[in-house]
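Trainee: Pasted the sequence and its predicted model underneath.
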Amino acid sequence: MATCLALQDLHAFNKNPTAHNASQLVTIPVLYNLLKHEEKEHLHYLKLVTLLCIRVYERGKAVLEKLLVHGSPLDIELSYKMIEWKIVSGLRTSQV
């Protein structure tokens, strides 16, 4: 199981499998460690590993959507910077 934000990181990697995007996958430690190993051993990502990442994303997103009672948040496909966070610790930012 992965969080929405972890799935966003994985989606970004799947779109562009670079070392920079792989470094964002600390949110999914097993994939992060696998990709670091691939970098060290092969200096690139084997096709089988990138296909695994795609499958993990697809399955993770499907499971998460089934677990969410009211469906996916509208911002699920947005990057961190694009999401306008308005509530922090239950308080509206105007109250802080």
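Mentor: Now that the structure is in, tell me what you want to look at. Since the model is a prediction, treat every value here as computed from it, not as a measurement.
Trainee: Any buried residues in the helix or strand harbouring residue 20, and which?
Mentor: According to DSSP states H and E, residue 20 maps onto helix 19-23. Buried residues in helix 19-23, counted by 16 or more other C-beta atoms under 10 Å: 21-22. Where C-beta positions appear, they are placed from N, C-alpha and C, glycine not excepted.
Trainee: other SSEs contacting that helix?
Mentor: helix 4-15, helix 29-42 (3 or more C-beta pairs under 8 Å, 6 or more residues apart in numbering; DSSP states H and E).
Trainee: And the first one, what does it pack against?
Mentor: Read that as helix 4-15. Checking 3+ C-beta pairs under 8 Å, 6+ apart, helix 4-15 ends up next to helix 19-23, helix 47-67.
Trainee: Make a markdown table out of those helices and add distance to residue 34.
Mentor: Formatted as a markdown table, those follow (distance: least, C-beta to C-beta, whole Å):
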| stretch | distance to residue 34 |
| --- | --- |
| helix 19-23 | 9 |
| helix 47-67 | 6 |
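Trainee: So what's the residue count around residue 59?
Mentor: 11 (other C-beta atoms under 10 Å).
Trainee: Could you tell me the per-residue confidence at it?
Mentor: Note on residue 59: pLDDT of 94.
Trainee: same check, this time on residue 68
Mentor: 77.
Trainee: That one: neighbour count?
Mentor: 12.
Trainee: quick revisit: can I get the helices and strands packed on helix 19-23 in TSV with distance to residue 22?
Mentor: Output for the helices and strands packed on helix 19-23, formatted as TSV (distance: least, C-beta to C-beta, whole Å):
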stretch	distance to residue 22
helix 4-15	6
helix 29-42	4
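Trainee: Indicate which one of those helices is closest to residue 51.
Mentor: Proximity to residue 51 (C-beta to C-beta) singles out helix 4-15 among the helices and strands packed on helix 19-23, at 9.7 Å.
Trainee: could you give the angle of that closest one to helix 47-67?
Mentor: Calculated by axes from the mean of the first three to the mean of the last three C-alpha atoms, to 10 degrees, helix 4-15 forms an angle of 150 degrees with helix 47-67.
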